[in-house]
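Enquirer: No letters, just coordinates:
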C-alpha cells in the first residue's frame with residue numbers, strides 16, 4: 001500500500017512563540033473563568049463562608065441520604 005498523503009499534513013499547524021499556552025489560557029465559555037475567579041477571591045477573603053457552605057451541603061446530603069434509605 002502506498003501512502004500518498006503529504007507528511008506535513010500530519011502535524012498541528014504552527015503556533016507563533018508569543019501565543020499563550022493552553023494551560024495558561026482563560027477558560028472558555030460565557031464568563032465562566034470570570035465567575036470562577038470571583039469565587040476564588042471570595043473564598044480567600046472570607047474562608048468562614050466557604051466552610052459554612054460546605055457544612056450546609058454535607059448536612060443536607062446526610063439528611064437526604066437518611067430520608068431515602070428509610
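Expert: Yep, it's here. Quantities reported herein were computed from a predicted structural model and do not represent experimental measurements.
Enquirer: Quick one: list the elements packing against the helix or strand that contains residue 51.
Expert: Element membership of residue 51 [criterion: DSSP states H and E] is helix 47-69. Applying 3 or more Cβ pairs under 8 Å, 6 or more residues apart in numbering; DSSP states H and E, we find helix 47-69 packed against helix 32-45. Using the backbone N, CA and C atoms, a C-beta is placed for each residue, glycine as well.
Enquirer: could you give the angle of the helix it packs on to helix 47-69?
Expert: 110 degrees (axes from the mean of the first three to the mean of the last three Cα atoms, to 10 degrees).
Enquirer: who does helix 32-45 touch, helix- and strand-wise?
Expert: Checking 3+ Cβ pairs under 8 Å, 6+ apart, helix 32-45 ends up next to helix 47-69.
Enquirer: got the contact list for the helix it packs on?
Expert: If you take Cβ atoms under 8 Å, 6 or more residues apart in numbering as the criterion, helix 47-69 is touched by 42, 43.
Enquirer: what about 6 Å?
Expert: Counting contacts by Cβ atoms under 6 Å, 6 or more residues apart in numbering, the residues outside helix 47-69 that touch it are residue 43.
Enquirer: How about that helix, which residues are buried there?
Expert: Within helix 47-69, no residue counts as buried by 16 or more other Cβ atoms under 10 Å.
Enquirer: ok, and the helix or strand in the protein with the lowest average confidence?
Expert: helix 32-45 (a mean of 83; mean pLDDT, DSSP states H and E).
Enquirer: Pull up the gap between residue 60 and residue 54, please.
Expert: 11 Å (Cβ to Cβ, to the nearest Å).
Enquirer: Could you do residue 42 as well?
Expert: Applying Cβ to Cβ to residue 42 and residue 54 gives a distance of 14 Å.
Enquirer: what stretches of this protein score poorly on pLDDT?
Expert: Scanning the chain for pLDDT under 70 picks out 1, 3, 5-15, 25-31, 67-70.
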